[in-house]
Every structure is written in C-alpha cells, then in structure tokens.
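>>> Need a 3D model of the sequence below.
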Amino acid sequence: MAQSYLAIVNPAAGGGRSGRLLDPVLERLKAGGIQTDVVHTTAAGQATEIARAAYARGVRKFIAVGGDGTSYEVVNGLFPEAASAEPPTLAFLPLGTGNSFLRDFSDRGVEYAIEAILAERSRTCDVMRLRHRAGIIHYINLLSIGFTADVATLRARRFSSWGELGYFGSIFLTLARFNRRAFPVRVQGEMEFDRRPCLFLTFNNSKFTGGTMMIAPNAQTNDGLIEYVRWGTIGRLGLIRELPGLYDGTHIQHSLAECKSVAHVEFNLESPVDVMVDGEVLTLHCEELDVIPQALNIVA
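This next block holds a predicted model:
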C-alpha cells in the first residue's frame, strides 16, 4: 500500500529554488510508491495554519518542503494538539536554504531526505516547548539568545536579500557592537537564577544551526533533555580566534563555555528579547522551557 503524505511547500524558500526543484523530486517519490498531496504557502505563518487544519481532519504524515523556517511552522501547526496523541510523522525536503536539523543525521541534504522517505525510515524525536508571556511555541532544533540571535535578527531585518554576504555582514556588525548582557535563567538542579553577563545562551534539541555550525555537539534529539550551552564574557579577539570551534563543536572546551543536559529551564527576563528559533527571528518574553519527549516521528 502506497504511503501518503501532505507536502507543505514554501515555494519562495531559497530565493525560489524550492518551487523550481519540487516537481522532479515528487516524481521520484511517486515512482517509489510515495503519494503526496501538495499545498503551497503564499505568506509567512501559512504553513502553520495548513498543518493545523490538516491534523484536525486526520492527516498524520507531513513533508516540510523548504528551509528551517518551513519545518518550524509545520511543527507549530501540529503542536500543542499532537502533544497528548500518537506522534505524527514529519519528513523534510530541504529545497530552500537548508535544514540544520536534518544535518544531525546526514550532510547529504535533499538526497538523504528522499532516500529516507522512500525507505520509510523514521525515528522518534523530542519537541521543545517554550512558554512566553504571549503564548507557547514549539521547536525541534534550537532556541538562541544573545550574540547568535543578534546576528540572525540583523540579517533578517536589514540584510535578508543579501544572501551569504548579508550573513557575514551581520556577523561583522554584531561583533562591532558586541553587546554582552545578562539573561537570567535557572536550569534544572540550580537554586538561583544565573544573572552573569554572557555572549550567548542556546537551548538545543539537535547539534547544528546555521547549516554547518555545531553549537551543541552533545545534543541528542530523543533523550528527553535540553542541551543548554552558555558562553560567558569572551572578548572580541577571543571570539574571532574561537569562531572555527563553533563549526566543529570544540568551542564547548573553552574555559568560558558551559554545557548541561536538563529537562526544564526558567527565565526571569525583565522584558522581551530577540531570539532565534529554528531559523526564525522572534521577540519574546520567555518564561519557561521544557520537553515533550519523543512526541514526533521524524523521517531521517
């Protein structure tokens, strides 16, 4: 019996690359016995609405076609409704700018993703649940605050059309400003909120972000834990010297780095802050973070 998925497509992902490459990929899936119903998005946030409506009418297998932002929207369409039910299944076709989450399993991108769908290969995955002052969001890759979020925010708001040049320009400008701040958090097992200034904090379900940056080398996607990474008040020159370590995971060996595997985090922020969540830039007044263990089946 043919497997059937709902493919939610962001045709604008990767500068239109997603829409252009879709048809040949769907033909390969069809030839392998995979049936797909295809819905295209036309605006930000629409993938969430499509996934939520489909889940309500009984669809349980989805393909996110695009980049990290597309899968983020689909996950937020499935949850919180799916949190107390049989885990839905999510596959990926990273035809946009990339999918950092999928890199935990392979660096072969879309070819690996197609093979996984055809082989009906799936594994359980935790879902992170962030409560903030205005509601709840869910994610499967990471939440970051501080330098990493500042770079993503600057790129999204000022250099979104600049491609790779916009990314490096955002890093340069964020380095020039170099705003190290306190983000009071209390992780599981600690009595007090940590109010020390830091360069960044990340709360990870998987290892990679930004395509190839291994921000949390010890993260496991189905261990029921948040991999918490904190980097303290390193200076500009120190950060520049250590930047390669962010790509091979050795940055966590730095004397100013801390890593912990925890199930619960509390925030005591005075006001909303810019955050980067699975490639999306948001401004949130974060309050509490926990894990919904093995709440999703991912095809990988």
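>>> domain ranges for the chain?
3-120, 136-293 (automatic domain parsing).
>>> can you redo these as TSV with distance to residue 299 and mean pLDDT?
No exception for glycine: its C-beta is placed from N, CA and C like everyone else's. Below are those laid out as TSV (distance: least, CB to CB, whole Å; pLDDT from 0 to 100):
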stretch	distance to residue 299	mean pLDDT
domain 3-120	4	91
domain 136-293	13	93
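>>> among these, which is nearest residue 126?
domain 136-293 (5.2 Å; CB to CB).
>>> hey, where'd the helices end up in the stretch 151-300 of the chain?
With DSSP state H, counting those that start in this stretch as the criterion, the stretch 151-300 of the chain has helices at 164-177, 236-242, 245-248.
>>> Quick one, which of these gets closest to residue 108.
helix 245-248 (18.1 Å).
>>> any idea how far that closest one is from the chain center?
18 Å (CA atoms, centre = their mean, to the nearest Å).
>>> and it, what other elements does it pack with?
With contacts defined as 3 or more CB pairs under 8 Å, 6 or more residues apart in numbering; DSSP states H and E, the packing partners of helix 245-248 are strand 213-214.
>>> tell me what the strand it packs on is packed against?
helix 245-248.
>>> Show residues contacting the helix it packs on.
Residues from elsewhere that reach helix 245-248, judged by CB atoms under 8 Å, 6 or more residues apart in numbering: 212, 213, 214, 215, 251, 253, 254.
>>> out of the residues you listed, which is most surrounded?
Highest neighbour count within the contacts of helix 245-248, by other CB atoms under 10 Å: residue 215, with 26 neighbours.
>>> just how off-centre is stretch 285-300 within its chain?
11 Å.
>>> no, scratch that, I was asking about stretch 251-261
Chain-centre distance of stretch 251-261: 21 Å, with CA atoms, centre = their mean.
>>> Now that stretch: buried residues?
Along stretch 251-261, these residues count as buried under the neighbour rule (16 or more other CB atoms under 10 Å): 251, 252, 254, 256, 257, 258, 259, 260, 261.
>>> which of the residues you listed lies closest to residue 177?
residue 256 (19.2 Å).
>>> show me what contacts the nearest residue to that closest one once chain neighbours are set aside?
Closest residue in space to residue 256, ignoring its immediate chain neighbours: residue 232 at 3.7 Å, by CB to CB, 6 or more residues apart in numbering. Residue 232 makes contacts with 196, 197, 198, 199, 256, 257, 258, as judged by CB under 8 Å, 6+ apart.
>>> Next, give phi and psi for the first one.
I take that to be residue 196. Backbone torsions of residue 196, given as degrees, to the nearest 10, read phi -70, psi 140.
>>> show me the residues around it that make contact.
Counting by CB under 8 Å, 6+ apart, residue 196 has contacts 182, 232, 233.
>>> I'm done for today, thanks for sticking with me.
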